[in-house]
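Peer 1: Starting from these lines, generate the structure:
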Amino acid sequence: LNNQVIFRVVPQAQVTGYDGVFSTSGTGSTIMARNDVYSIVPSLTKMWGGHTLKFGAEIRRNTHNYYQQNSPSGNFTFNNQLTAANPFSPGSTGNGFASFLLGSGTGGGVTQNNLVAAQLIYRAYYAGDQWQITPRLTLNYGIRFEQMGPWSERYDRLVVLLPTAKNDLSGPTGLNLVGKLGLVNSPDSPSRNNVALGNLFSPRIGISFPISASSSLYFNFGRFAQNPLYNSIYQNTAIGTIQDDSLGNGDHVCQYGDAKPGTGECAPIVYSDTYTISFLGNPNLLIERATQYEIGYAAELGRLYALTVAVFSKDQEGLSGIQRGGVDSAGNRVFDVGSTYGSGLLDYSVILNQDFQTVRGFEIQLRRRISNYWGFNINYSFSQATTNAPPPDLAFQAEVEQGDPTSRQEIRSEIDQPHSFNAAVNFRVGLSL
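Peer 2: Presented below is the predicted three-dimensional model:
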């Protein structure tokens, strides 16, 4: 067995009556996480008359490697049975620690969790132009084409939501149920990715209008995109987790009767006696978008100093939020049915692209260019961030566990940080040889 486990440590001993002596959380508890980002960013600049043309690309490979196991080398159980006067009817005779010293265990086991090895390929291509239309008017414009590559996993242990497919429970229940989770790179979903490749166009526009020889007004507009959190995609989908055995031994990911039909893999956690927070991730989450505007004033103050004042607004949409599914008070099905996720329970919460956030504020920056070996940069910003709901885990805790009503108006965002002040002093030291 020593060669069958991923991490070899001292096995966990569970001795009846000696919980305070032996660890109950497992010896050698292991969490391994490694996230790497590899990028290639080529660019080309061409001066042509009053135009400054820029072309380029950005290609990133994001990797996510993770493993967690509380008892990497398994556990052995010892009770008073084998040191009792009568092992078939031990009563109060015998001692669990004596059984441990004799090496007379009553059971044990080892749970092997999967090593997660996922990657995301991001591709972006852009083209832009700075056009000096007149000595007093400059126009910046461009386009960015992004492919927010979805996640893939080395061994294709990902699922994809198939909302129109016939559910496996249709036969046993005699009901016309649709929707199920299918594996990638399988007849259900031939692609190795869990969602389709996203093609996004992100325009950028900027205008600068000089108002004096040393100052100008400017305006910037842009559309941006970001991937949903990895956790929001796979939260409680139970991908790669194994059920306890029939005696209840294991890491208690799910109980013996809570596996997907015909497998030893845990079903998604629609309802759980083990976890108090349980809502489902969504493998089909879409890309989150943001639109940003900025108007500012920039000026040089004398020979050494520069001042910039700007106001900005950023609107984010399609953010991850939770929605309660199941049946309404009249017994009508709403949103979706629990059977989509392999359970007959019609009460659950799932993450969707439904939340939004607004950030507005202003920024003041004062800079001193390096002269006489020193310079500085001082920046202060004030902003207010409001949203329709907190992040999914906090929203679920507030609405489902604590019974708070769903917010019907924008509230202060969890990321709201009204005041931000940064200052840096730069020194330049020259050496003569």
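Peer 1: Show me which helix runs longest in this protein.
Peer 2: In the chain, assigned by DSSP state H, the helix with the most residues is helix 96-102.
Peer 1: Now do it, average pLDDT.
Peer 2: In this model, helix 96-102 carries a mean pLDDT of 85.
Peer 1: following that helix, which helix or strand shows up next?
Peer 2: Using DSSP states H and E, the helix or strand that follows helix 96-102 in sequence is strand 107-109.
Peer 1: re earlier: tell me the buried residues in the longest helix of the chain?
Peer 2: Neighbour counts over helix 96-102 (16 or more other Cβ atoms under 10 Å) mark 96-97, 99-100 as buried. C-betas here are computed from N, CA, C, even on glycine.
Peer 1: which SS state does residue 398 fall under?
Peer 2: Assigned with DSSP: H, G, I helix; E, B strand; the rest coil, residue 398 falls in the helix class.
Peer 1: Around it, how many other residues sit close by?
Peer 2: Using other Cβ atoms under 10 Å, residue 398 is surrounded by 16 other residues.
Peer 1: tell me which of the buried residues of helix 96-102 is nearest to residue 148?
Peer 2: Of all the buried residues of helix 96-102, residue 148 sits closest to residue 100, with 54.4 Å by Cβ to Cβ.
Peer 1: ok, now how distant is the closest one from residue 7?
Peer 2: Remark: distance between residue 100 and residue 7 (Cβ to Cβ, to the nearest Å) = 23 Å.
Peer 1: swap in residue 219?
Peer 2: Distance from residue 219 to residue 7, by Cβ to Cβ: 57 Å.
Peer 1: swap in residue 355?
Peer 2: Residue 355 sits 39 Å away from residue 7, going by Cβ to Cβ.
Peer 1: And those two? Which one has more around it.
Peer 2: residue 355 (22 against 13).
Peer 1: The more buried one sits in which helix or strand?
Peer 2: strand 347-371.
Peer 1: Show the model's pLDDT score for the nearest residue to residue 159 once chain neighbours are set aside.
Peer 2: Of all residues not flanking residue 159 in the chain, residue 181 sits nearest, at 4.4 Å (Cβ to Cβ, 6 or more residues apart in numbering). Per-residue pLDDT puts residue 181 at 72.
Peer 1: now the strands for the stretch 201-350 of the chain?
Peer 2: Secondary structure of the stretch 201-350 of the chain (DSSP state E, counting those that start in this stretch): strands at 215-226, 288-301, 305-327, 333-334, 347-371.
Peer 1: got the ones you listed as JSON lines, with distance to residue 90 and mean pLDDT columns?
Peer 2: Converted to JSON lines, the strands of the stretch 201-350 of the chain look like this (distance: least, Cβ to Cβ, whole Å; pLDDT from 0 to 100):
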{"stretch": "strand 215-226", "distance to residue 90": "61", "mean pLDDT": "90"}
{"stretch": "strand 288-301", "distance to residue 90": "60", "mean pLDDT": "93"}
{"stretch": "strand 305-327", "distance to residue 90": "47", "mean pLDDT": "86"}
{"stretch": "strand 333-334", "distance to residue 90": "53", "mean pLDDT": "50"}
{"stretch": "strand 347-371", "distance to residue 90": "44", "mean pLDDT": "88"}
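Peer 1: In this structure residue 72 contacts residue 31, no?
Peer 2: No: the pair residue 72 / residue 31 is not scored as a contact, 10.5 Å apart, by Cβ atoms under 8 Å.
Peer 1: And the two? Which one has more around it.
Peer 2: With neighbours defined as other Cβ under 10 Å, residue 72 and residue 31 compare such that residue 72 has more, 24 against 9.
Peer 1: doesn't that one fall inside a helix?
Peer 2: No: per three-state DSSP, residue 72 lies outside any helix segment and is coil.
Peer 1: give the contact list for it.
Peer 2: When the contact criterion is Cβ atoms under 8 Å, 6 or more residues apart in numbering, the partners of residue 72 are 5-9, 26, 28-30.
Peer 1: swap the cut-off to 10 Å and go again
Peer 2: 5-12, 26-30, 110-113 (Cβ atoms under 10 Å, 6 or more residues apart in numbering).
Peer 1: Distance check, it against residue 184.
Peer 2: Look at residue 72 and residue 184: by Cβ to Cβ, they are 28 Å apart.
Peer 1: same check, this time on residue 55
Peer 2: 34 Å.
Peer 1: the more surrounded of those two?
Peer 2: Relative neighbour count places residue 184 above the other of residue 55 and residue 184, with 22 against 15, counting by other Cβ under 10 Å.
Peer 1: Let me see the contact set for that one.
Peer 2: Going by Cβ under 10 Å, 6+ apart, residue 184 touches 150-153, 156-160, 190-195, 283.
Peer 1: Against residue 228, how distant is the residue nearest to it when sequence neighbours are not counted?
Peer 2: Computed as Cβ to Cβ, 6+ apart, the closest residue to residue 184 that is not its neighbour in sequence is residue 158, at 4.7 Å. With distances taken as Cβ to Cβ, residue 158 is found 14 Å from residue 228.
Peer 1: So for these two, which sits in the more crowded spot?
Peer 2: Taking neighbours as other Cβ under 10 Å, residue 158 and residue 228 compare with residue 158 leading, 27 against 20.
Peer 1: Isn't that one up against residue 120?
Peer 2: No: if you go by Cβ atoms under 10 Å, residue 158 and residue 120 don't touch, sitting 11.8 Å apart.
Peer 1: okay, and the common contacts of those two?
Peer 2: Counting by Cβ under 10 Å, 6+ apart, the common neighbours of residue 158 and residue 120 are 150-152, 193.
Peer 1: Residue 377 sits in which helix or strand?
Peer 2: Using DSSP H and E, residue 377 falls in strand 374-387.
Peer 1: Which neighbouring elements make contact with that strand?
Peer 2: Helices and strands touching strand 374-387, by 3 or more Cβ pairs under 10 Å, 6 or more residues apart in numbering; DSSP states H and E, are strand 305-327, strand 347-371, strand 411-412, strand 419-427.
Peer 1: JSON lines for those, including distance to residue 204?
Peer 2: Below are these laid out as JSON lines (distance: least, Cβ to Cβ, whole Å):
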{"stretch": "strand 305-327", "distance to residue 204": "14"}
{"stretch": "strand 347-371", "distance to residue 204": "18"}
{"stretch": "strand 411-412", "distance to residue 204": "30"}
{"stretch": "strand 419-427", "distance to residue 204": "24"}
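Peer 1: Before I go, just wanted to say thanks for your time.
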